[in-house]
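Chemist: Here is a sequence together with a model predicted from it:
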Amino acid sequence: MTTVGTSQRQISVRDDLAGLTPYTAAAPLNGVMHRLNNNESPYPPPADVVASMLTQLKKTLEHAHRYPDTTVTDLRDSLARYVGHDIQPAQIWAGNGSNEVLLQLLLAYGGPGRRVLGFTPDFSMHRQLAAITGSQWHDGTRSNDFTLSASHARSVIARVRPHIIMVSNPNNPTGMALPHDTLEALVDASRDSIVVIDEAYHEFARTRSVVPHVHEHQNLVVARTLSKALALAGVRIGYIVAAEARIRDLRMMALPYPISSLAATTAEVALANAPRLLEQIPAILDERDWLRTELDARGFPTTNSDANFLLFTGMACAEGLLEDFRAAKIAVRDVGPAGWLRVSIGTPADNRAFLAVLDSANSAHPTFTDS
């Protein structure tokens, strides 16, 4: 436990936070040549879109002596147009990445004595946010093949009776999409719960979004980000789509001026040019499907990903393979489950460098792919 001491007293963090470690997105990237660890877009925004951003940023900087709009009105207007499905700006709230708006949600609806339910493996930040807000975390777990059935979801919800349910779709770290009947079960079986569907990777998926159901279900919250498909990871814009009543509650939790005027301007230009930014997705998906075929052929089974990354296994020692990647200046992630590694889809050059390390490891260790 971290303490700050004087001769008179000791000051420590809350008892329930003892042992909690800071969330670390990745290992240091000094010298890394192929960044395949954070599920970012491997491609920057097109040059003409960047030029438009710079033009608008110059205008914004001329007013940098003023605080930004605390209600982020223009950005919410842009997000509503992008999301579609007759979603109105009053049904959207934005923040410094989707993690920030999810924290606001747990501040509003979680806390001591309140239960948060997840089904791991899933995005580890959900559990971290529950801990930070003093909420009780309950793990419903998934099947050994990482699937989540409607019947299992209903059973766990009935037993735990959670105040909040948090599920990513497509799932992180597996990339697998939930069946529609499971999504329906999560919402229908938990009318007394806030149901958060984290759609950070929706633009890469072959499945439908649950955003249209926000109009029917007051308890449904959809979290999204501009970091992945729109190639704005460095700008840090995330948002939530929900009923107006939920948005009003979240705004009470937000600090003043939640998004800088520079980030908001950049995001608005990106959203106005969304078709141009989304043109990069087919190339990423083609590389994903190609890489999956190559991994399977080499004896490294993968999950059926609907995202811009793959989870793969088949190695005798995951840590040993990570060392091989580090030596080759390639960053991948060990995010669990045990014996699996996650690789983001990069450029063709990135992906072939990644495979070259696997081929070298196979040659050096004939039993390398024994599962």
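Modeler: All right, it came through fine.
Chemist: mind giving me the domain ranges of this protein?
Modeler: Using automatic domain parsing, the domains assigned to the chain come out as 20-43+280-364, 47-274.
Chemist: So what's the gap between the last one and the chain middle?
Modeler: Between the mean C-alpha location of domain 47-274 and the chain-wide mean there is a distance of 9 Å, by Cα atoms, centre = their mean, to the nearest Å.
Chemist: That one: end-to-end distance?
Modeler: Terminal residues of domain 47-274 are spaced 14 Å apart (Cα to Cα, to the nearest Å).
Chemist: shift numbering so it begins at 13
Modeler: Got it, the first residue is 13 from now on, which makes the last one we talked about domain 59-286.
Chemist: Which residues does the strand or helix carrying Leu307 contact?
Modeler: Assigned by DSSP states H and E, Leu307 belongs to helix 293-309. Contact with helix 293-309 is made by 53-55, 215-216, 241, 313-314, 317, 320-322, 324, 355, 357-360, 363, 366-367, 370, as judged by Cβ atoms under 8 Å, 6 or more residues apart in numbering. Where you see a C-beta, it was placed from the backbone N, CA and C, and this is true even at glycine.
Chemist: out of those, which are inside helices?
Modeler: 360, 363, 366-367, 370 (DSSP state H).
Chemist: model confidence over stretch 247-254, on average?
Modeler: Stretch 247-254 carries an average pLDDT of 98.
Chemist: got a list of contacts for it?
Modeler: 87-88, 91, 95, 99, 103-114, 117, 223, 226, 232-239, 258-259, 262, 271, 275-276, 278-279, 282.
Chemist: Try it again at 6 Å.
Modeler: Stretch 247-254 has contacts (Cβ atoms under 6 Å, 6 or more residues apart in numbering) with 91, 99, 103-110, 113, 223, 226, 233-238, 275, 278-279.
Chemist: Only the C-alpha atoms, please, for that stretch, written as CSV.
Modeler: Output of stretch 247-254 as CSV, limited to C-alpha atoms (Å, rounded to 0.1, in the frame of the first residue of the first chain):
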residue,chain,number,x,y,z
VAL,A,247,-6.6,12.9,-30.3
ARG,A,248,-8.5,11.0,-27.6
ILE,A,249,-12.2,11.3,-28.3
GLY,A,250,-14.7,8.8,-27.1
TYR,A,251,-18.4,9.0,-26.8
ILE,A,252,-21.5,7.4,-25.4
VAL,A,253,-24.9,7.0,-27.1
ALA,A,254,-27.9,6.6,-24.7
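Chemist: what are the ranges of the helices in the stretch 113-262 of the chain?
Modeler: Secondary structure of the stretch 113-262 of the chain by DSSP state H, counting those that start in this stretch: the helices cover 136-144, 162-172, 192-200, 256-265.
Chemist: Among the contacts of helix 293-309, the buried ones, what's the ChimeraX command?
Modeler: Buried members of these, defined by 16 or more other Cβ atoms under 10 Å, are picked up in ChimeraX with:
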select :53,54,215,216,241,314,317,320,321,322,324,355,357,358,363,366,367,370
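Chemist: Phe337 and Asn231, how far apart?
Modeler: 42 Å (Cβ to Cβ, to the nearest Å).
Chemist: Please say which of those two ends up with more neighbours.
Modeler: Per other Cβ atoms under 10 Å, whichever of Phe337 and Asn231 has more neighbours is Phe337, with 22 against 19.
Chemist: Got phi/psi on that one?
Modeler: phi -70, psi -40 (degrees, to the nearest 10).
Chemist: Contact partners for it?
Modeler: 344, 369.
Chemist: Could I get the pLDDT score of it?
Modeler: So Phe337 comes in at 94 (pLDDT).
Chemist: measure it to Ser372 for me?
Modeler: 11 Å.
Chemist: So for stretch 266-274, mean pLDDT?
Modeler: The model assigns stretch 266-274 a mean pLDDT of 95.
Chemist: same deal with stretch 170-179?
Modeler: 97.
Chemist: Pull out the buried residues from it.
Modeler: 172, 174-179.
Chemist: of all those, which two lie farthest apart?
Modeler: His175 and Val179 (14.7 Å; Cβ to Cβ).
Chemist: thinking again about what came up before, the ones in helices among the contacts of helix 293-309: which two are farthest apart?
Modeler: Pro360 and Leu370 (15.8 Å).
Chemist: and Met254, how far is that from Arg236?
Modeler: For residue 254 the amino acid is Ala, not Met. 11 Å.
Chemist: Could you tell me which ranges of the stretch 63-212 of the chain sit under the pLDDT cut-off?
Modeler: Filtered on pLDDT under 70, the stretch 63-212 of the chain yields no residues whatsoever.
Chemist: where along it do the strands fall?
Modeler: Taking DSSP state E, counting those that start in this stretch as the criterion, the stretch 63-212 of the chain carries its strands at 104-107, 127-130, 148-151, 176-180, 206-210.
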